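In: One predicted model, sequence on top.
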Amino acid sequence: MTADTYLAPKRLDEALEALRGGEATILAGGTDLMVQSQSGKTPIGPKLVNIRRIAGLAGVVRADGEIHIGALTTIAELLEHELVRTHLPSLAEACDHFASSQIRNAGTLGGNVCNASPAGDTLVPLLALGASVELAAKPDAAVTTRAMPLGEFIVGPGKTQRKPAELLTAIRIPVPAAGGVQRFFKFGTRPALDIAAISLGLVTVKEGGVLRHVRLALGAVAPVPMRGVRAESMLEGRRLDPALIEAAAAAARDEVRPISDVRASDWYRRELVRNMVKRMLTDVSQS
Amino acid sequence: MGIAPEAQVETVAPHEARAPSSPKQVAKDSLIGKRIAKLDAPDKASGKTRYIHDMDLPGQLYGKILRSSRVHARIVRIDTSRARRLPGVHAVITAADVPYQRPLGVGKDHLPLKSDRVRSPRDEIAAVAADSPEIAAAALKLIEVEYEDLPPVFDAAAALEPGAPVLHEGKPDNIAMTFDYSHGDIARGEAESDVVIEDTFRLHYVTHCCMGVSGVIADFDASGSLTLYSQTQVPFLHKREFAEVLGIDPGRIRIIQPPIGGGFGSKLDIYPFEPIAIFLARATKRPVKLVYTREEEFAVSPTRQPVVLRLRSGAKKDGTLTFREVETLHDNGAYTSWGATTPFVIMQTISSLYRVPHCKYHTSAVYTNNPYAGSFRGYGNLQGTFAVESHMDKLAEALGMDPLEFRLQNAQEPGEVTGQGMHFKSCGFKDCLRTAAGRSDFQRKHREYRAAQAKSGRYKRGVGIASMLHVGGGAKIYPSDGCGTILKIDDFAHVTVMTGASEIGQGSETVIAQLVCEELGVPLDAVTVVNNDTDITPWDVGVHASRTTFIAGNSAIGAARKAREKVMAAAAKAIGYDAAALDLRQGMIVRAADGESIMPLAKLLRSLHFSDKAELVMTTHYYEPPSQHQDKGFKGDVSAAYAWASQVIEVEVDTETGIVRMRNVWGAHDVGRVLNRLGIEGQVEGGVVMGQGYALTEELIVERGVTRNPAFRDYKLVTAPEIPEMDITFIETMDGEGPQGAKGVGEAPAICIAAATANAIYNATGVRIYRLPFTPENVYRALREGGSKK
Ligand SMILES: Cc1cc2nc3c(=O)[nH]c(=O)nc-3n(C[C@H](O)[C@H](O)[C@H](O)COP(=O)(O)OP(=O)(O)OC[C@H]3O[C@@H](n4cnc5c(N)ncnc54)[C@H](O)[C@@H]3O)c2cc1C
């Protein structure tokens, strides 16, 4: 697959101008794009726009009660970043289980989000953390931006609400309450370099033993990373005990919609969801 | 031109310069058993090795193959006209464009280019030679093929049913090959048994995953002689096969093997891509290079054979095995390669791993529209040992015996001849069992872990033991199992060993050099091994059956001894000593009694060369092992020596996910003698990991004839953090026929891993699993169902 035009803009507005017209393919770390274009799954458009050189699109900052992560921040950078490790340990955990060092050095957060794989590792903690995405475009002289929750942004496997002329510029995450609980778990069939067969993210606050603001996200068990809303509502405002844990785990198992593929059967994915939700909640109850 | 003889006489070789000039004691310096880095290691580690993938010939074109998009179909029409018109394309060929082609492979049921019918989605229909791989790939897309689908069959049992689709004319029952074997009297064995058990074991598809994908370069000279740059493991037999397939004179085929990026048995047969590259080279009068993509390597290269194996075994109350009866069904795939003959090796394990008084074995390989199976390290023995050693555990339990004691009671001693006629001259079987069990504290752990099964808890520990028997001194499956060597020593005492045996990464080159050093008393860097050109090296049967160290090693020793005799006779004459009073050490001729150096070997050779007689030291030797070609009933002493190994494995089973973590492997290997400690450790460690992949993670997922996971993303090789701790002991039985006492070890370490793992999972959980692999999902499912005896 070859593009007719290759552009590597250094400024955001130049990039947005290049995207205008919608015939461009965006290249960030390329760790999804190159594989998919080689296999013919994602043909590269007539214009290939490399966004890696755009200034100011990488980095993590805290402002206005939010953590703001630039789209070009690599998985390796997230893993090391102090703000991420302190406030978003579940995201750091996901980055730690992400691919290999080589891929983590090249792959970006924006790429992981825009690739919208049901098994995308960062999507599960981001969903549990209530993240939203920021999109920019330049339909005419002025740059326009919009934001939306991650849960709305991803609409199907590999499908998002991003318009062809839009660039994802950042992910924004409300700073979680201090003392909150965060967990992430990825199940692959081996300890290294594996795609998740299921993954779980849990973000909640334990107030005097009572769970509040429970958000349970599940990956690789539905066409999109999903929230376990039934399990969440069973847990909200309750104290964890073995019967509740068992019931919530069973609810999560029953609300996921996995498929069978070469990595796992739907039955096994459901079993894992139940066992691992149970394990996660037991762990939270003891902490 | 040339240097005057006098000048040459004075030239000093580098290793000679290190030799003392004044009389001095020279110590005997044996390399046997030392840790010697492989001779090819520096080049491989520094990226200098030129594999076939790195080679390009001037004027070379690139070949690519169009394969069937159907599983089973008649070819109605092929239109190559658009492909031919693509700029940069030099030839497009189909069966119709090839003047002569004959079926290839073990069953001769396989045309390189399919003419009227395809039987699997790997089938070759057309091929292109072009200026670049990209142009060749683009041309393939322009070829139109019209098919008419035929009913497929994907299950070996279903293929045997009346009315099943027939894959090959002349084979109406779809049976590609059968084997029948027996010794003793099964009925008597069963009558004498106090316990009889029967189970069905199901073995899956795996593939070799060589780091270097398959490839070939075909090049004709102007007179029509063919040079093939090939990765074959059997260059001499393949010369003849290529000649038959192509209808050319075998004398005009030269096979050169650039360093091979992994074999493991995968390169033991010829495959259509090789004749196709030759057709393209002939059509274009240019060298043609044809190298697989990784997806092709997964999807179209042969697999380890999937088997359904039904085993009945019995034993007496006193712990004596009574009989084994086996029936196996092999999914042959669409064509017959070596996979169909793996029952030959499975049979040896069924008949002769432990004392088996009565034995009966029937097996058939059945055509289906699945990928076809080839040879793969262990050659059926992984499958057979999985069943046999699972049963050894079950029998011990049924008899209330300790699994080690039961095995020891039935293990053979040196000197025994099995019912199949294998003569165990050297035999360290019991030593292997005792060593592996002792070093792992097997019996105590086995008792304690079993007692802990009932306790609650997410993680369960278990230990399992298994042993294997394999040929260790070649295998006489052809009338000759020999290997030739040509050896020369030059004026500088540099030794060149031209051996028929190929190097596929197993380290044979280094071992051959060591064995020659031992005979000729020269340092390792004074030896070069040439092993990759059929125009130079003498005949060898090929790299298979763990035979190269044993057979090629003995052959090299034979040639070196002849050279030594010549040298010693000349030295005796020159010095006026009795030859028996002299020795060769570190490139010097020394007095045997005290090692006092007399003269550099190189000096002697030059004086021999530049004398009135003008003689060079050049010798040849052909070694034929004292083994037997088996009779029609498969009886006979097929190998000159046999090898054993026992392995104990400790696992931890996560009952909530089904993940089996292999924590430790304790292995004890009867290797005859360690020649290169570093090499043999690498061989065993690599084999253990290959066995681990077979047991736990690897599976080629084939659905309706199509490989669903043709990539490392979804075909799970073991990764570094999963590799267990290994404790490996070598049992040195000093085989009387082996080179310096050594036996073959190439296949051994992979063979009983799956069996020992099955036994360890049972010890941990109380659940026995009869099908591989033990992936998390399969294990979890078995734990939920309390065993999957499907
Ligand atoms: C060997 C290997 C292992 C892997 N393992 C994992 C794993 O364990 N977990 C996991 O989640 N993923 C894994 N991946 C997938 C991949 O590495 C990640 O999804 C990565 O985050 C993609 O980022 P990238 O920058 O490389 O994206 P790219 O490949 O450059 O882009 C991905 C897609 O997003 C679009 N895009 C990228 N950035 C933007 C943007 N700012 N705005 C709009 N569109 C954009 C691109 O056009 C493309 O369609 C693996 C990939 C490989 C090759």
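Out: Cool, got the structure. Residues are numbered from 1 along each chain as shown, chains lettered A, B, ... in the order given.

In: Tell me which residue lies nearest the centroid of chain A.
Out: A:L123 (1.7 Å; Cα atoms, centre = their mean).

In: close enough to count as contact, that residue and A:A222?
Out: No: between A:L123 and A:A222 there is no contact under Cβ atoms under 8 Å: 11.6 Å. For every residue, glycine as well, the C-beta is placed using N, CA and C.

In: Excluding covalently adjacent residues, which one is nearest to residue 24?
Out: Just going to use chain A. Distance criterion Cβ to Cβ, 6 or more residues apart in numbering or on different chains; nearest residue to A:A24, sequence neighbours excluded, is A:K47 at 4.1 Å.

In: oops, chain B please
Out: Once flanking residues are discounted, B:K24 sits nearest to B:S597: 5.4 Å by Cβ to Cβ, 6+ apart.

In: residue of the stretch 101-250 of chain B with the smallest distance to chain A?
Out: B:E134 (9.7 Å; Cβ to the nearest Cβ).

In: Do you know the pLDDT at that residue?
Out: You'll see B:E134 listed with a pLDDT of 95.

In: Buried residues in the strand or helix carrying it, which are they?
Out: Using DSSP states H and E, B:E134 maps to helix B:133-141. If you call a residue buried by 16 or more other Cβ atoms under 10 Å in any protein chain shown, then helix B:133-141 has these buried ones: B:133, B:135-136, B:138-140.

In: buried ones in stretch A:86-106?
Out: A:87-95, A:97-99, A:103-104, A:106.

In: any idea which of these is closest to chain B?
Out: A:A99 (10.7 Å).

In: which ones are touching the nearest residue in space to that closest one that is not next to it in sequence?
Out: Setting aside the residues directly before and after it, A:A99 is nearest to A:L193 in space (Cβ to Cβ, 6+ apart), at 6.1 Å. Going by Cβ atoms under 8 Å, 6 or more residues apart in numbering or on different chains, A:L193 touches A:99-100, B:719.

In: from the stretch 1-150 of chain B, which residue is nearest to the ligand?
Out: For the stretch 1-150 of chain B and the ligand, the shortest gap (Cβ to the nearest ligand atom) falls at B:H53, measuring 21.0 Å.

In: I'd assumed B:V291 was in contact with that residue.
Out: Yes: counting by Cβ under 8 Å, B:V291 is a contact partner of B:H53 at 6.0 Å.

In: more crowded one of those two?
Out: Comparing B:H53 with B:V291 by neighbour count (other Cβ atoms under 10 Å in any protein chain shown), the higher total belongs to B:V291, at 22 against 13.

In: For the more buried one, name its beta-bridge partners.
Out: B:G215 (DSSP bridges).

In: quick revisit: could you point out which element follows the host helix or strand of the residue nearest to B:K24?
Out: Secondary structure assignment for B:S597, by DSSP H and E: strand B:597-600. Remark: after strand B:597-600, the chain's next helix or strand is helix B:601-609, criterion DSSP H and E.

In: Can you name the next helix or strand after that next one?
Out: Taking DSSP H and E as the definition, the helix or strand right after helix B:601-609 is strand B:617-623.

In: pLDDT weak spots in chain B?
Out: Under the criterion pLDDT under 70, the flagged ranges of chain B are B:1-23, B:787-790.

In: now do 90
Out: B:1-24, B:28-29, B:99, B:613, B:786-790 (pLDDT under 90).

In: Write out the residues of it neighbouring chain A.
Out: B:656-657, B:659, B:697, B:701, B:708-709, B:713-714, B:716, B:718-722, B:775-777, B:780-781, B:784 (Cβ under 8 Å from any Cβ of the partner chain).

In: Of those, which belong to strands?
Out: Using DSSP state E, no member of the residues of chain B next to chain A sits in strands.

In: Tell me who's in contact with the closest residue to chain A within the stretch 301-450 of chain B.
Out: Nearest residue of the stretch 301-450 of chain B to chain A (Cβ to the nearest Cβ) works out as B:P371 at 15.6 Å. Contact analysis of B:P371 by Cβ under 8 Å, 6+ apart lists B:120, B:122, B:205, B:299-300, B:302-303, B:333-334, B:700, B:702, B:705, B:707.

In: Tell me which entries of the residues you listed lie within helices.
Out: B:299-300 (DSSP state H).

In: By neighbour count, which of the contacts of B:P371 wins?
Out: Highest neighbour count within those: B:G333, with 32 neighbours (other Cβ under 10 Å).

In: Please name the nearest non-neighbouring residue to that one.
Out: B:Y372 (3.0 Å).

In: what's the spacing between that neighbour and B:G339?
Out: According to Cβ to Cβ, to the nearest Å, B:Y372 stands 7 Å off from B:G339.

In: Quickly list what's touching both of these two.
Out: Shared contacts of B:Y372 and B:G339 (Cβ under 8 Å, 6+ apart): B:302-303, B:332-333.

In: Tell me which of those residues fall in strands.
Out: Under the assignment DSSP E, the shared contacts of B:Y372 and B:G339 contribute B:332-333 to strands.

In: What ranges does chain A have for its strands?
Out: Using DSSP E, strands in chain A cover A:5-7, A:24-27, A:47-50, A:60-63, A:66-70, A:132-137, A:144-149, A:154-156, A:159-160, A:167-174, A:181-187, A:198-207, A:210-219, A:226-227.

In: any idea how far B:R439 is from the residue in chain A positioned nearest to the ligand?
Out: With Cβ to the nearest ligand atom, the shortest gap between chain A and the ligand falls at A:G111, namely 2.2 Å. Distance of A:G111 to B:R439, computed by Cβ to Cβ: 50 Å.

In: If you count surrounding residues, which of these two has more?
Out: Neighbour count, other Cβ under 10 Å: between A:G111 and B:R439, A:G111 has more, with 25 against 16.

In: Show me the shaky parts of chain A.
Out: Using pLDDT under 90, chain A drops low at A:1-4, A:21-23, A:38-45, A:177-179, A:188-194, A:287.

In: In it, where's the longest helix?
Out: Chain A, longest helix under DSSP H: helix A:266-286.

In: next one: chain B
Out: In chain B, with assignment by DSSP H, the single longest helix is helix B:548-575.

In: Skipping its backbone neighbours, what lies nearest the residue of chain A closest to the ligand in space?
Out: According to Cβ to Cβ, 6+ apart, the nearest residue to A:G111 is A:A28 (4.3 Å).

In: For the one you found, what are phi and psi?
Out: phi -110, psi -110 (degrees, to the nearest 10).

In: Please give me every residue in contact with it.
Out: Per Cβ under 8 Å, 6+ apart, neighbours of A:A28: A:51-52, A:71-72, A:107-108, A:110-111.
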